[in-house]
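Q: here is a sequence with its predicted model. Questions after.
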Amino acid sequence: MSLLKSLYKKKEQLFFGWWIVLGSYVIQVLNGALLFHAFSAYILPLQAEFGWSRASVSGVFSMVRAESGILGPLQGWLIERYGCKAMMQIGIVLFGIGYLCFSRIDSLWGFYLSFALIALGSSLGGFIPISTTITNWFARQRSTALGISMTGMGGGGLLIGLVVWSLSHYGWRDTAFFSGVMIFCLGLPATLLMRDHPEHYGLRPDGDEAPVTKPGDAPAIEEPRFTARQALRTPTFWFLSIGHSSALFVVGTVLVHQIPHMIEHVGLSPEVAAANVTLLLLFMIGGQLSGGWIGDRVDKRLVMVTCMWMHAVALVLFAFATSRFETTLFAAIHGTAWGVRGTLINAIRGDYFGRASYAMISGFASMIIMIGMIIGPLFAGFLHDLTGSYQQAFMVLAGFSALGSVALILARKPAAPSS
């Protein structure tokens with residue numbers, strides 16, 4: 001600790017918070033490349049080998065999200081008690097073991113059991129501890145730092161072509177096994193960069209040395225200090241969570257079903273479908289970077305409302321797409337909206353409720369947020385099995401996205417709690 005403090009006391013040294021962003025980026029790449037975006041590519045190979053229904057296979061993705069949501073409050077408590085670094089290291093180990101187990105399954109229950117382990121590891125080593133750590137280390141530049149970190153999810157998704165190639169050439173079992181090995185080799189070193197609070201090392205958020213920066217800069221932010229109990233009592237907490245859940249209803253369904261939809265109903269080849277996913281992720285990364293910059297300068301809430309309507313328009317287009325041009329246009333609109341909104345909705349939670357209980361507040365929010373991730377893929381898989389098409393499901397999702405924009409409009413900044 002003393003060495004770290006001495007290294008980063010000097011003005012010319014890079015603020016250590018940016019090294020934390022780097023470590024977070026690597027872990028997000030692993031989550032994006034091997035789970036979040038890759039799951040959709042496993043659906044058809046698993047169906048071909050085992051003959052499971054689309055709803056049964058896509059249901060495991062819903063289970064992954066359900067586990068993350070249910071464990072959210074406990075995870076927040078563990079982070080506040082034992083720190084982000086310890087939780088992330090445990091999570092990375094479980095994440096890797098889960099993929100090794102997945103590569104050896106021979107039944108549906110084994111499939112669900114292995115993904116339960118993957119879900120637990122991904123949750124402990126992923127979103128909540130990463131966003132908590134970055135929120136602790138940044139205030140004025142919070143949106144920018146979160147945006148850069150979250151590009152790792154999209155950056156990992158850019159590797160979807162390699163996952164599809166590996167599935168085609170080596171099969172899903174070898175691909176899953178190698179994924180587990182990669183998680184151990186890259187994830188554990190990345191966790192070594194994690195630190196909980198800058199104050200523990202004689203630093204301040206953003207690297208500031210005093211409450212007020214040099215003349216001409218914005219003053220250091222005096223943030224509210226909500227406890228989890230106080231946050232839960234505000235309408236803002238619920239409106240934000242409902243809006244976020246509506247967005248993930250869309251995102252989760254597209255993640256799971258976009259490749260099967262493009263192959264079976266638009267008529268694209270697996271390689272072209274994977275290329276379209278890559279394009280979507282490039283737009284998402286652009287949205288995350290620009291959204292971080294925008295969010296540090298303008299009203300985050302109004303930008304997020306605009307993004308929800310972009311999701312709705314994109315889904316209507318995707319539902320009736322018949323050509324690569326239309327899927328490309330969908331990728332541009334949906335990807336940009338996803339990137340901008342995803343960055344800002346996490347940053348605004350820190351702006352509204354402060355750093356003091358961010359992990360616990362995020363943990364409770366995840367119980368609501370993940371409802372969308374849970375129901376969306378199951379709902380779309382069920383309608384596909386029933387009708388043979390994703391059109392109806394995508395149209396319903398567009399409606400949910402529009403309704404989510406109303407919740408975000410109502411999510412105004414709460415009054416600071418009385419001391």
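A: Now that the structure is in, tell me what you want to look at. Everything numeric in this text was worked out from a predicted model, so none of it was measured.

Q: host element of the closest residue to residue 364 other than its chain neighbours?
A: Excluding the flanking residues, the one nearest residue 364 by CB to CB, 6 or more residues apart in numbering is residue 73, at 5.3 Å. Any C-beta I mention is one placed from the backbone N, CA and C, and that applies to glycine too. Assessed by DSSP states H and E, residue 73 sits inside helix 54-82.

Q: for that helix, what is the distance to the chain centroid?
A: 12 Å (CA atoms, centre = their mean, to the nearest Å).

Q: just list what that helix packs against, helices and strands only.
A: Secondary-structure packing of helix 54-82 (3 or more CB pairs under 8 Å, 6 or more residues apart in numbering; DSSP states H and E): helix 39-50, helix 84-102, helix 108-124, helix 127-137, helix 235-261, helix 358-387.

Q: nearest to residue 347, out of these?
A: helix 127-137 (7.9 Å; CB to CB).

Q: using CSV, write out every CA atom in that closest one.
A: The C-alpha trace of helix 127-137 is given here as CSV (Å, rounded to 0.1, in the frame of the first residue of the first chain):
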residue,chain,number,x,y,z
PHE,A,127,-20.6,-5.7,-13.5
ILE,A,128,-21.3,-4.7,-9.9
PRO,A,129,-17.7,-4.8,-8.6
ILE,A,130,-16.3,-3.1,-11.7
SER,A,131,-18.9,-0.3,-11.7
THR,A,132,-18.5,0.1,-7.9
THR,A,133,-14.7,0.4,-8.1
ILE,A,134,-14.8,2.9,-11.0
THR,A,135,-17.5,4.9,-9.3
ASN,A,136,-15.3,5.1,-6.2
TRP,A,137,-12.3,6.3,-8.1
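
Q: next secondary structure element downstream of that helix?
A: helix 142-157.

Q: what about that following helix, average pLDDT?
A: Average pLDDT, helix 142-157: 86.

Q: now that helix and helix 235-261, what's the angle there?
A: Using axes from the mean of the first three to the mean of the last three CA atoms, to 10 degrees, the inter-axis angle of helix 142-157 relative to helix 235-261 is 20 degrees.

Q: any buried residues in the very next helix or strand once past helix 142-157, and which?
A: Per DSSP H and E, the first helix or strand lying C-terminal to helix 142-157 is helix 160-182. Neighbour-count burial for helix 160-182, counted by 16 or more other CB atoms under 10 Å, picks out 160, 163-167, 172, 175-180, 182.

Q: any idea how far the residue most central in space within the chain is from residue 35?
A: Central residue of the chain (CA atoms, centre = their mean): residue 127, 6.1 Å from the mean position. Counting by CB to CB, to the nearest Å, the gap between residue 127 and residue 35 amounts to 12 Å.

Q: now swap in residue 331 and tell me
A: 20 Å.

Q: how about residue 334?
A: Distance, residue 334 to residue 35, by CB to CB: 20 Å.

Q: likewise for residue 261?
A: 20 Å.

Q: ranges for the helices of the stretch 251-400 of the chain?
A: When assigned using DSSP state H, counting those that start in this stretch, the helices of the stretch 251-400 of the chain occupy the ranges 270-295, 300-319, 324-353, 358-387, 391-410.

Q: out of those helices, nearest to residue 256?
A: Once those are compared by CB to CB, helix 358-387 is nearest, at 4.2 Å.

Q: quick one, that closest one and helix 84-102 angle?
A: 30 degrees.

Q: angle of helix 358-387 against helix 391-410?
A: Using the same axes, to 10 degrees: helix 358-387 against helix 391-410 is 150 degrees.

Q: in the stretch 101-250 of the chain, what spans have low per-residue confidence?
A: Within the stretch 101-250 of the chain, the segments meeting pLDDT under 70 span 209-222.

Q: try it again at 80.
A: 160-161, 208-223 (pLDDT under 80).

Q: which of the helices and strands packed on helix 54-82 sits closest to residue 60?
A: Nearest of the helices and strands packed on helix 54-82 to residue 60, taken as CB to CB: helix 108-124 at 4.8 Å.

Q: CA atoms only for the closest one, dumped as CSV, please.
A: Written as CSV, here are the backbone C-alpha positions of helix 108-124 (Å, rounded to 0.1, in the frame of the first residue of the first chain):
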residue,chain,number,x,y,z
LEU,A,108,-29.8,-30.6,-20.1
TRP,A,109,-29.5,-30.5,-16.3
GLY,A,110,-25.7,-30.5,-16.7
PHE,A,111,-26.0,-27.6,-19.2
TYR,A,112,-28.0,-25.6,-16.6
LEU,A,113,-25.7,-26.6,-13.7
SER,A,114,-22.5,-25.6,-15.5
PHE,A,115,-24.0,-22.3,-16.5
ALA,A,116,-25.1,-21.7,-12.9
LEU,A,117,-21.5,-21.8,-12.0
ILE,A,118,-20.6,-19.6,-15.0
ALA,A,119,-23.3,-17.1,-13.9
LEU,A,120,-22.0,-17.0,-10.4
GLY,A,121,-18.5,-16.4,-11.4
SER,A,122,-19.3,-13.8,-14.1
SER,A,123,-21.5,-11.9,-11.6
LEU,A,124,-18.9,-11.9,-8.7
